[in-house]
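Q: Sequence and predicted model, in that order:
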Amino acid sequence: MSDLPWYDVIVAGAGPAGCTAAWELARNGKKVALLEKHALPRHKTCGGGMPMVVGDLLQFKEIKDIAPEAFVEADTRYMRHTFDFEQPCLMPMNAEENGNVSLWMVQRSLFDYALAQRAQKAGADLIQSMPVCSVDTLPNKKISVTAGREGEWSAHCAALIGADGANGVVARKTGLYEERTCAIAMEAEVEHTWGEGHPELRRDVVHLEYGVVKGGYAWVFPKDNHVNVGAGFFNQRGAAARKKAGTREFLQQVICQYLDVLQIKYKKEDLIFHAHPLPIWSGMRRLQNSDATVLLAGDAAGLVNPFFGDGIFHALRSGQTAAKCLTDGTAQQYTRQIADMYRDNFDSALRLSKFFYQWPVFCYRFGVQRPSSTCTAARLLCGEAVFGDITDRVIKRVRAAMTHRQNDARKPGHK
Ligand SMILES: Cc1cc2nc3c(=O)[nH]c(=O)nc-3n(C[C@H](O)[C@H](O)[C@H](O)COP(=O)(O)OP(=O)(O)OC[C@H]3O[C@@H](n4cnc5c(N)ncnc54)[C@H](O)[C@@H]3O)c2cc1C
């Protein structure tokens, strides 16, 4: 018998995927270690926007051990869209005034820390400043995990969840890493006094700009006493952009331009820009090893929506699913369960994303600006609608409008 500590499950990474997995496992009686590379709370490069259904998924109302008020800094119900900072349209997320769809805005440092503490309270050992550095699968389905800058922490476990994000090591160390599209996004947090600046700069409005970043978009998300301003590439082009010289400078410039347009006061020298890769969905992958003792969740599994670029909700869902599979003995079904949840939806989202970013001017004019589009986008983000329901329809409508335009342009006398 080894002297090393034994865990039923070790979870690598205390982001939304890892914390949810650890919480779910611990409250179901499993002995769990949640290993995090950094000391918590830590900054996480992110816009921090997520659908309010996260509250249902995490059972905030039923369990009452954590209140969303502790970290939800704004509950947004409107989207303000622009193209090249022009043609603005402010649209509600709900068709009816009393509709319940909204997007929560959090600071990831606080949100992730609250989830990590929740997992700890449920019984997980939360081990911080301890990056997983090596993983060895031993005979008898046993896994040896070593962590720490000097490899100072080691333990054995029956299962390992790789929830260690876009640059995680678990996938690489266990043969589960596959080359995939990795885009890039950047954000900065800027102090703001509500009431100042552009009249539509409000705590219930998210701002989205589609023209300035080719193959992506920029955003301004409201928070408590600041705004999160960002820009990113969210399609295949992003992967190329990530490696191109000048991309960082370009994204920084877009962020400053957005601040200027919305008349948000800032000092350029005070801005801290954070950039991070986004492993956007590029088709279903194998998310478990052959004996299903290693499972990947969240960004480590490439579960970022290829249209919106959001990943928090999918990290939470996949972390929870991984934990449930390990608890109820269905780990061999994990990849299939995730495929059932995401494959069709994200494949359709990818198709729409390719079309949208190829024809952004037309998609803005004949898609985004339609009054119903904001409600549809919010429902897609919440999982109340799927891309399969809309992708063909949107592409057909925009194509028809484009053809109509071209035919008009060919008519004699058309200017
Ligand atoms: C600029 C930007 C803006 C974004 N905005 C949004 C948004 O508004 N809404 C949205 O839904 N999504 C957004 N995303 C995507 C979102 O941030 C991710 O999809 C989400 O964080 C994934 O969660 P996760 O738990 O899988 O991974 P992460 O949140 O990345 O967490 C992984 C954790 O693992 C830790 N870790 C890494 N390596 C190791 C290791 N070796 N050992 C132990 N721990 C390790 C990390 O420190 C981290 O805490 C954005 C991304 C970017 C880059």
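A: That came through fine.

Q: Identify the residue of the stretch 151-300 of the chain closest to the ligand, quick one.
A: The stretch 151-300 of the chain approaches the ligand most closely through residue 298 (2.1 Å), counting by CB to the nearest ligand atom. No exception for glycine: its C-beta is placed from N, CA and C like everyone else's.

Q: Residue 311 is in contact with that residue, correct?
A: Yes. Counting by CB atoms under 8 Å, residue 298 touches residue 311, with 6.8 Å between them.

Q: which residues does the residue of the stretch 151-300 of the chain closest to the ligand contact?
A: 13, 15, 16, 17, 18, 163, 165, 311, 314, 315, 318, 319 (CB atoms under 8 Å, 6 or more residues apart in numbering).

Q: okay if I get the residues you listed as TSV plus secondary structure, distance to residue 84 and pLDDT?
A: Converted to TSV, the contacts of residue 298 look like this (DSSP: H, G, I helix; E, B strand; the rest coil; distance: CB to CB, whole Å; pLDDT from 0 to 100):
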residue	secondary structure	distance to residue 84	pLDDT
13	coil	38	98
15	coil	34	98
16	helix	33	98
17	helix	36	98
18	helix	39	99
163	coil	38	98
165	coil	33	98
311	coil	27	98
314	helix	30	98
315	helix	32	98
318	helix	36	98
319	helix	38	98
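
Q: I'd like to know which of the residues you listed is nearest to residue 50.
A: residue 16 (8.6 Å; CB to CB).

Q: Please identify the nearest residue in space to the closest one, excluding sequence neighbours.
A: residue 315 (4.2 Å; CB to CB, 6 or more residues apart in numbering).

Q: What distance do you get for that neighbour to residue 341?
A: Using CB to CB, to the nearest Å, one gets 13 Å for the distance from residue 315 to residue 341.

Q: These two - which one has more neighbours?
A: Just comparing residue 315 and residue 341: by other CB atoms under 10 Å the higher neighbour count belongs to residue 315, 28 against 16.

Q: Could I get the contacting residues of the more buried one?
A: Going by CB under 8 Å, 6+ apart, the list of residues near residue 315 reads 15, 16, 17, 20, 163, 297, 298, 299, 303.

Q: any idea how far the last one lies from the ligand?
A: This means residue 303. Residue 303 sits 7 Å away from the ligand, going by CB to the nearest ligand atom, to the nearest Å.

Q: which residues does that residue contact?
A: Contacts of residue 303 by CB under 8 Å, 6+ apart are 281, 297, 311, 314, 315, 318, 338, 342, 346.

Q: Can you pick out the most distant pair from the residues you listed?
A: It's 297 and 346 that sit farthest apart of the contacts of residue 303, by CB to CB, at 15.1 Å.

Q: With neighbour numbers in mind, choose between the two.
A: Higher neighbour count among residue 297 and residue 346: residue 297, with 34 against 26, using other CB under 10 Å.

Q: Surely that one touches residue 18?
A: Yes. Shown here, residue 297 and residue 18 form a contact pair, counting by CB under 8 Å, at 7.4 Å.

Q: any common contacting residues for these two?
A: Common neighbours of residue 297 and residue 18 (CB under 8 Å, 6+ apart) are 161, 163, 319.

Q: which SS state does residue 136 fall under?
A: strand (DSSP: H, G, I helix; E, B strand; the rest coil).

Q: okay, now it: neighbour count?
A: Other residues close to residue 136 by other CB under 10 Å number 12.

Q: how about the helices of the stretch 251-400 of the chain, start to end?
A: Along the stretch 251-400 of the chain, the stretches classed as helices by DSSP state H, counting those that start in this stretch are 312-327, 334-358, 360-363, 371-382, 387-410.

Q: Show me which of the contacts of residue 298 are buried.
A: For those, a burial check counting by 16 or more other CB atoms under 10 Å picks out 13, 15, 16, 17, 18, 163, 165, 311, 314, 315, 318, 319.

Q: What about the ligand: which of these touch it?
A: 13, 15, 16, 17, 18, 163, 165, 311, 315 (CB under 6 Å from any ligand atom).

Q: between those, which is nearest residue 141?
A: residue 163 (20.3 Å).

Q: for stretch 350-362, what is the average pLDDT?
A: What stretch 350-362 shows for mean pLDDT is 95.

Q: Need the CA coordinates for that stretch. CSV is fine.
A: Extracted C-alpha coordinates of stretch 350-362, given in CSV (Å, rounded to 0.1, in the frame of the first residue of the first chain):
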residue,chain,number,x,y,z
LEU,A,350,-20.4,26.8,-36.2
ARG,A,351,-22.2,26.9,-39.6
LEU,A,352,-24.0,30.1,-38.6
SER,A,353,-20.7,31.6,-37.3
LYS,A,354,-18.9,30.9,-40.6
PHE,A,355,-21.8,32.5,-42.6
PHE,A,356,-22.2,35.5,-40.2
TYR,A,357,-18.5,36.4,-40.2
GLN,A,358,-18.3,36.0,-44.0
TRP,A,359,-21.2,38.4,-44.5
PRO,A,360,-21.3,40.6,-41.4
VAL,A,361,-22.8,43.6,-43.1
PHE,A,362,-25.8,41.7,-44.5
